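Participant: need a structure here:
(chains A and B)
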Amino acid sequence: MIDDAFTQVVVLAAARARLAPSALLCQRRAMMSRDTPAGELRSIRKVYGTVTAVDEVSLHVYPGEVLVVVGPNGSGKTTSMEILSGLRSPDSGEARISGDIVSGTFDARLRTGVQLQDSRLPGGLKVREAIHAKSALYVDPGPIDVIVDSMGLRSYLGTSVDKLSGGLQRRLDVAVACIGRPSLLILDEPTSGIDPDARGDMWHFFREVCSAGTAIITSTHDLSEVEAFADRMIVMTQGRVEAEGTVSEILAGAGGTWRLRVSRPDEEVRRMLTDSELETRERASTVTVFGEREQITAIADRLESMKHSGEGRYRDLLKGAIRLEDVFTSMTESGHDG
Amino acid sequence: MTAENRSAEIFAPAERPRPAGRAAILWAWFVQETKVLFRQPVAVFFSLAFPMVIYLFIGLPFAEQQVSGGVRYIDQIFPALLGTAVANLAVMGLPIYLAELRARRVDVRYRTLPLPIVLFVLALVLSMLVLALLGILLVVTVIGLAHGLLPAAANPLFWLLVFLMIGWLCSLGFLVGSLPLDSRAIQGISAVLFFVMYFGSGAAVPVAELPQIMQDVLEWNPLKQWFEALGLLYTGQEISGSVWAKLLIALPLAIASVVGGLLLWRKK
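Facilitator: All right, here's what the predicted structure looks like:
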């Protein structure tokens, strides 16, 4: 257990780093128990007919850590998470829970809470009954009341699951996954369809669960959530892991702290950008340049003067501090191209 | 104690998670499945109300008419009324429920839980049995009070056959519910199967007036065979060897249905 003195240090450090204390605590706990991953995929490969859904994917998530998997639709996120859940068997490779427990076995299921993207509860079932049915599987189901309150389900306990909105159904799915004191939570797009306030509450709850030592592997399409809450992230494209690391590490790999996005540049502008010796990534109609603030500002000024003098044309340019979205877009685009 | 430490205490993952006892799991899931089943109006109607509808419109008007050797019409159709309460639930209710579980991917959700599949199937079957028994109880009570029951109603063999019929029909329903088709197709197939079997059993309308070829085909209608055997037993008549033989065929067919259903279920 972390003592109060350590917690105070963490709070101060968090204030300096503008991070939530719990995030640092999670990182601290994650560092303390790196020996045994709570969940792990080792060189997983899965093929459906002629389509390779997952190709040599390896990942691990440690106790007290939030690992977020991002990637475009069809990138292999859900298949990877379903293999870790034991719902799918890999063609090659291994999926393990808590070190050496084969995923999908009874022992693995006992330690894992799973929320699936498109699975519903039986029609006619009430919220209270769905929670009770999961609780009944464990000797110690955990803090049910706290989970129910945290997910905002208290006033819906007597409601049929079919009468819940999509967001409330998702919250119920997450609540049910959290029952049983799991050491690993596998959450496939848990905040999808949930309003921003409830998303914040849900992530706050995840961080509380994580701070207690539970590992969380989750996927999302909302990169701002990744920036705010992920301890580590994995970017997947076309069934492969394109990048892995902390958000800072992923951002640092872009080639600078600022970026300039130029849409629909003509050949002159495009040539000027690629000749700038800065990290440049091209999409069909957009060129993004990464660099330090001064370098990006200088290029933006040069482009504006080119436009005024008629030397070059472009539709629009956008400069600013680099965001995960910029790196993600260029990675996934290059993944698709390749 | 800080908020962080409180969280750590409240949400601490189990180092050695322990599953609840099998009896506790079975009871909790049996109660759940029973509640869900009783909230399905169609299942409740066909198990409780449909046999009464058949009784009111077909049984009651001719109830006291003598059919043969002191046997009244109501005595002749009493076993069929019992079967009506069960057959719809097993042949239509069970497959449609299984298909809906698949359509909603509930089965996938359950596969991520530390829930032994045997316990879930048992809870499902027991919940259906409760509704079926209520339907049977209603028929026995109404017919008993209104017309009186024959002594064979106390014959254990009679009730053993009723329960064997439930088992056979449930295995057939399981096979239909496991077919790799969407829920609408399963609804259609199970409805056709039930109504052909039911109306071809002679329980609601006499089949003796049908063309001979149809009568020959209907001799192999499982529901007709069971209703016939139960009717003979209930009215104190002897069950011939050929009728027993037809009932015995149900045993390998039931096993084949369960095995086939399990194979189809696992394949999915």
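Participant: Can you verify my assumption that residue A:82 contacts residue A:90?
Facilitator: No. Using Cβ atoms under 8 Å, residue A:82 is not in contact with residue A:90; the gap is 10.1 Å. (Each C-beta comes from the backbone N, C-alpha and C, glycine too.)
Participant: Neighbour count for these two, which is higher?
Facilitator: residue A:82 (25 against 22; other Cβ atoms under 10 Å in any protein chain shown).
Participant: Now for the more buried one: which residues touch it?
Facilitator: Taking Cβ atoms under 8 Å, 6 or more residues apart in numbering or on different chains as the criterion, residue A:82 is in contact with A:88, A:116.
Participant: and after the host helix or strand of it, which helix or strand comes next?
Facilitator: Using DSSP states H and E, residue A:82 maps to helix A:77-85. Using DSSP H and E, the helix or strand that follows helix A:77-85 in sequence is strand A:92-97.
Participant: List the buried residues of that following strand.
Facilitator: The neighbour-count check on strand A:92-97 (16 or more other Cβ atoms under 10 Å in any protein chain shown) flags A:93, A:95, A:96, A:97 as buried.
Participant: Let me know whether it sits next to chain B.
Facilitator: No. Between strand A:92-97 and chain B, judged by Cβ under 8 Å from any Cβ of the partner chain, nothing touches; the nearest distance is 11.2 Å.
Participant: same check, this time on stretch A:121-130
Facilitator: Yes. Residues of stretch A:121-130 contacting chain B under Cβ under 8 Å from any Cβ: A:121, A:122, A:123, A:124, A:125, A:129.
Participant: For residue A:171, which residues are in contact?
Facilitator: Contact analysis of residue A:171 by Cβ under 8 Å, 6+ apart lists A:151, A:152, A:153, A:194, A:198, A:202.
Participant: give me every residue that touches the last one.
Facilitator: To tie it back to what came earlier, the one meant is residue A:202. Counting by Cβ under 8 Å, 6+ apart, residue A:202 has contacts A:151, A:171, A:174, A:190, A:191, A:194.
Participant: Which secondary structure element is home to the residue nearest the centre of chain A?
Facilitator: In chain A, the C-alpha nearest the mean C-alpha coordinate belongs to residue A:68, at 2.5 Å (Cα atoms, centre = their mean). For residue A:68, the host element (DSSP H and E) is strand A:66-70.
Participant: which one of the buried residues of strand A:92-97 sits closest to residue B:177?
Facilitator: residue A:95 (30.0 Å; Cβ to Cβ).
Participant: just checking, the closest one touches residue A:103?
Facilitator: Yes. Residue A:95 is in contact with residue A:103 according to Cβ under 8 Å; the separation is 3.9 Å.
Participant: Check the contact lists of these two and give me the overlap.
Facilitator: A:83, A:84, A:86.
Participant: Grab the nearest non-local neighbour of the last one.
Facilitator: The shortest distance from residue A:86 to any non-neighbouring residue, by Cβ to Cβ, 6 or more residues apart in numbering or on different chains, is to residue A:104 (2.2 Å).
Participant: Pull the number of nearby residues for that neighbour.
Facilitator: 21.
Participant: List the contacts of stretch A:302-322.
Facilitator: Under Cβ under 8 Å, 6+ apart, the answer for stretch A:302-322 is A:251, A:254, A:256-266, A:268-269, A:272, A:290, A:296-297, A:300.
Participant: Which entries within the contacts of residue A:171 meet the buried criterion?
Facilitator: In those, burial by neighbour count holds for A:151, A:152, A:153, A:194, A:198, A:202, counting by 16+ other Cβ under 10 Å.
Participant: Mind checking which of those residues land in helices?
Facilitator: Cross-referencing those against helices under DSSP state H gives A:198, A:202.
Participant: Now flag whichever of the buried ones among the contacts of residue A:171 is closest to chain B.
Facilitator: Each of the buried ones among the contacts of residue A:171 was scored against chain B by Cβ to the nearest Cβ, and residue A:151 proved nearest at 13.3 Å.
Participant: contacting residues for the residue of the stretch 1-150 of chain A found nearest chain B?
Facilitator: Chain B sits closest to residue A:136 of the stretch 1-150 of chain A, with a gap of 3.4 Å, by Cβ to the nearest Cβ. Contact analysis of residue A:136 by Cβ under 8 Å, 6+ apart lists B:20, B:24, B:25, B:28, B:29.
Participant: that's a strand at the residue nearest to residue A:86, yeah?
Facilitator: No. Applying DSSP: H, G, I helix; E, B strand; the rest coil, one finds residue A:104 to be coil, outside a strand.
Participant: I'd assumed residue A:90 was in contact with it.
Facilitator: No. If you go by Cβ under 8 Å, residue A:104 and residue A:90 don't touch, sitting 10.6 Å apart.
Participant: Tell me how many other residues crowd residue 139.
Facilitator: No chain in the question, so chain A it is. If you count neighbours by other Cβ under 10 Å, residue A:139 ends up with 13.
Participant: wrong chain, I was asking about chain B
Facilitator: Neighbour count for residue B:139, taken as other Cβ under 10 Å: 24.
Participant: Just the CA trace of stretch A:307-323, in CSV.
Facilitator: Provided in CSV are the C-alpha atoms of stretch A:307-323 (Å, rounded to 0.1, in the frame of the first residue of the first chain):
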residue,chain,number,x,y,z
LYS,A,307,0.5,32.8,-51.7
HIS,A,308,0.5,36.7,-51.8
SER,A,309,3.1,36.8,-54.6
GLY,A,310,1.4,34.1,-56.6
GLU,A,311,4.4,31.8,-56.4
GLY,A,312,2.4,29.0,-54.8
ARG,A,313,-1.1,28.0,-53.9
TYR,A,314,-2.9,26.1,-51.2
ARG,A,315,-6.4,26.1,-49.7
ASP,A,316,-5.6,26.5,-46.0
LEU,A,317,-2.9,26.1,-43.4
LEU,A,318,-3.1,25.2,-39.8
LYS,A,319,-0.2,25.5,-37.4
GLY,A,320,-0.1,24.7,-33.7
ALA,A,321,1.3,22.5,-31.0
ILE,A,322,1.4,18.9,-32.1
ARG,A,323,-1.6,16.7,-31.1
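Participant: Now intersect the contacts of residue A:136 with the helices, please.
Facilitator: Mapping the contacts of residue A:136 onto helices (DSSP H) picks out B:24, B:25, B:28, B:29.
Participant: And the nearest residue to the last one once chain neighbours are set aside, which helix or strand is it part of?
Facilitator: In other words, residue B:29. With sequence-adjacent residues excluded and distances taken as Cβ to Cβ, 6+ apart, residue B:29 is closest to residue B:123, at 3.9 Å. Assigned by DSSP H and E, residue B:123 falls within helix B:117-147.
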